[in-house]
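>>> Sequence and computational prediction follow.
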Amino acid sequence: MNKGIITFMTIICLMFTAVSQARVESLTVRVDGLACPFCAYGIEKKLKKVAGVKTVTVNIQQGTVGLTAKARQSLNFSQVPAAVLDS
C-alpha cells in the first residue's frame, strides 16, 4: 500500500472520531491498488475479523470495500485502516 492510502485512511478515521458515540452500521472504504481477486480475498479475510463486521463486499473495478455491521452492533472503524494495511 502507498502513502496515499494511509493518508486517506487517517482522514477517514479522524472524520469518524467526531461521531464515535454514534452507531456505524455501514462503511465504504476506497482502497488504491485493489487490482485482482487475490487482493480482494486478502482484504476481505482481514476485514471480516474487525469487531462488528457482518459482511464485506469488495468491488475491484471501483476500488472500494463495503462493510456492514452485525445486527444491533456498530462497526469498529478504528480497526479498518490497520486491517487494510495488514492485508
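Alright, I've got the coordinates.

>>> For Lys46, see how far away the closest residue in space to Cys36 that isn't next to it in sequence is.
Nearest in space to Cys36, with sequence neighbours left out and distances taken as CB to CB, 6 or more residues apart in numbering, is Ile60 at 7.1 Å. Backbone N, C-alpha and C define where each C-beta goes, glycine included. Ile60 is 16 Å from Lys46, where distance means CB to CB, to the nearest Å.

>>> returning to that earlier point: identify the residues contacting the residue nearest to Cys36.
Shown in contact with Ile60 (CB atoms under 8 Å, 6 or more residues apart in numbering): 34-37, 39-40.

>>> would you list every one of the helices in the protein?
3-17, 37-47, 80-86 (DSSP state H).

>>> about what we covered before: any idea how far Gly33 is from the residue nearest to Cys36?
11 Å.

>>> shared neighbours of those two, anything?
Cys39.

>>> about what we covered before: any idea which of the helices of the chain scores lowest on pLDDT?
Lowest mean pLDDT within those: helix 3-17, at a mean of 50.

>>> Fine by me, we can end here.
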